[in-house]
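Novice: take this sequence and fold it.
(2 chains)
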Amino acid sequence: METKSTIPVVTRFPPSPTGFLHIGRARTALFNYLFAKHNGGKLVFRLEDTDKERSKPEYAENIVECLNWLGIAWDNKEVAKQSERSAIYTSYLKKMVDSGKAYVSKETEVKEGGRAEVIRFKNPNIKITFHDLIRGDIQFDTTELGDFVIAKDMNEPLYHLAVVIDDFEMGVTHVIRGEDGISNTPRQILIQEAIGAPRPLYAHVPLILGADRSKLSGRHGAVAVTEYRNKGYLPEAMINYLALLGWNPGTEQEIFSMDELIRDFDITKIQKSGAIFNEEKLRWINKEYLKKRPSSDFEELVKQSLLELHPQLKPDEKMIKKVTPLIMERTEILSDIKKQLEAGDFIYFFTQPSYEASALLWKGQADKTTTATNLNKVISLMEPLDEVSFTQEKIKAAIWDYATEVGRGEVLWPMRMSLSGKERSPDPFVLSELLGKTETLKRLQTAINKLS
RNA sequence: GGCCCUAUCGUCUAAUGGUUAGGACACGGCCUUCUCAAGGCUGGAAUCGGGGUUCGACUCCCCGUAGGGUCACCA
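Specialist: Down below sits the predicted model:
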């Protein structure tokens, strides 16, 4: 949907720094960003830190850091903080009290930790209908809200008052937030009307759900963006997945860059119902992005992981270069690299393999002599190849006919086992090429010796 | 419980009155050099129920049912 309005679009992302940025809020931030950019507008980032007890600077840092990592950029130079704007709230509050829109209330029933005197909103008790870009018209009877509290005192505003004033002062035209904000809307509209602020357009996006279909929270597992970052998800993959969770342009495209998302984003195509966060699909998307990158991007990571697991090792740089593509082919998220190495995969490129002689025997084969004969034959077939033309294609060409003749498993299995010591590994031709002629022949000979 | 929102394969979704209800992830099978990975092909799998409206409903309306959200001197 293109907005026809001549007023530039201003959206906002106003988290309260009371916890790490979680993926639900990150997605809301993304939708605000995409909508603003699609319409050539601006995104305002603001910290709602009126709750002094729970707001922590480290959480604010985490939120900023995650947004930067994801590539969601806001347009206000200074991050707005509610804690620095109290004078503004106070002046509005005074006007409201003076005009009778709000009043100082002596509390008859003071709850624990509560005050004897608070500022309450004078509820006009009306019916309010507002339009939601995703859901259509929504109607509420505000009577049931009563005269709700809008400030603890003239200097300490509560959330609803502060957001409305901030959104108004910052020229916010579109409020795009989680579905759990629907019931806050009538209260905020009431305050807008009391201070003479125009009503922004609303869009309530569906919630991200856990496997049990309830609002995603810590008990469902990882919810902090930071956790996904640490697990080795790429920011592009995260953005791509989050955008597709509850939105799609109606085509069959699955992989989107941020620019494509901005170009195609249509807020009216956001889903109405909640969506379960599915890490399997995120993994798949992450792999798609990994495939786009050259494996050289990950050589350093492979080296580090290797050294962490085997501090005494002095891995050959050239070998790391050669092995990294093999590892990346089997990697969906970056932490898989270390996981594979931990499981013992690929270390045979850096150390001698260890295995039992019986492991060399192909299934059903009980005769060690046959296996030794096959291995000897492999050596003699490899001998004519010189060190430089020791490539997987040439090795395969040299051995293939013989292997086919006596049974591929009978030749290829012991060959692969002698080179890797593993039941699972890349194929023996790749192994041979990477190991080089000298090392390959040496390992084959070691295996033959084991068999006698 | 009051108020509000929602309802297509297991999951994410397409189809805005006429489709053999499409795609992706996951899962099964087959192929591709012995194992793994990658790749290719292929299979199973859905319109919550009941009423309407209509020549014709996934699609529109009503009622159920189910799920979710929200009910602070938190945000």
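
Novice: alpha carbons only for contacts and neighbour counts from here, please
Specialist: Noted.

Novice: in contact with the residue nearest to A:Arg283 when sequence neighbours are not counted, which residues?
Specialist: Take A:Arg283 and drop its neighbours on the chain: the residue closest to it by Cα to Cα, 6 or more residues apart in numbering is A:Glu332, 5.9 Å away. The contact partners of A:Glu332, taken as Cα atoms under 8 Å, 6 or more residues apart in numbering, are A:283-284, A:286-287, A:290.

Novice: show me which of these are buried.
Specialist: Burial by neighbour count, judged by 16 or more other Cα atoms under 10 Å, picks out A:283, A:286-287, A:290 from the contacts of A:Glu332.

Novice: next step: these restricted to helices.
Specialist: A:283, A:286-287, A:290 (DSSP state H).

Novice: save the residues you listed as a markdown table, and put in pLDDT and distance to RNA strand B too.
Specialist: Converted to a markdown table, these look like this (pLDDT from 0 to 100; distance: Cα to the nearest atom of the strand, whole Å):
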| residue | pLDDT | distance to RNA strand B |
| --- | --- | --- |
| A:Arg283 | 97 | 7 |
| A:Asn286 | 98 | 10 |
| A:Lys287 | 97 | 8 |
| A:Leu290 | 97 | 11 |
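
Novice: which among these gets closest to A:Glu61?
Specialist: Nearest to A:Glu61 out of these is A:Asn286 (Cα to Cα; 25.5 Å).

Novice: that closest one contacts A:Gly232, correct?
Specialist: No. The criterion here is Cα atoms under 8 Å, and A:Asn286 misses it with A:Gly232 at 9.1 Å.

Novice: pull up the overlap in contacts between the two.
Specialist: Common neighbours of A:Asn286 and A:Gly232, using Cα under 8 Å, 6+ apart, are A:Ile333.

Novice: now name the helix or strand holding the residue nearest to A:Arg283.
Specialist: For A:Glu332, there is no helix or strand it lies in under DSSP states H and E.

Novice: distance of it relative to A:Leu282?
Specialist: Distance of A:Glu332 to A:Leu282, given as Cα to Cα, to the nearest Å: 9 Å.

Novice: the domain parsing of chain A - what is it?
Specialist: Using automatic domain parsing, the domains assigned to chain A come out as A:1-76+A:206-292, A:295-349, A:357-451.

Novice: what's the closest of these to A:Gln82?
Specialist: Closest to A:Gln82 of those is domain A:1-76+A:206-292 (Cα to Cα; 5.5 Å).

Novice: strands of the stretch 151-300 of chain A, start to end?
Specialist: A:156-157, A:174-178, A:201-205, A:208-209, A:275-276 (DSSP state E, counting those that start in this stretch).

Novice: list the contacts for the residue nearest the centre of chain A?
Specialist: Note on chain A: the residue nearest the mean C-alpha position is A:Met238, at 3.4 Å, using Cα atoms, centre = their mean. Residues near A:Met238 by Cα under 8 Å, 6+ apart: A:70, A:282, A:286.

Novice: where does chain A dip in pLDDT?
Specialist: Residues of chain A that meet the criterion pLDDT under 70 lie in A:1-6.

Novice: go again with 50.
Specialist: For chain A, the stretches flagged by pLDDT under 50 are A:1-4.

Novice: list phi and psi for A:Asp277.
Specialist: Rather than Asp, residue A:277 is Phe. Main-chain dihedrals, A:Phe277, degrees, to the nearest 10: phi -70, psi 120.

Novice: my error: substitute A:Leu70 in the last question.
Specialist: A:Leu70 adopts backbone torsions of phi -70, psi -20, taken as degrees, to the nearest 10.

Novice: list the contacts of the closest residue to it other than its chain neighbours.
Specialist: Of all residues beyond its chain neighbours, the one nearest A:Leu70 is A:Pro235 (5.1 Å), with distances taken as Cα to Cα, 6+ apart. By Cα under 8 Å, 6+ apart, the contact set of A:Pro235 is A:69-71, A:229.
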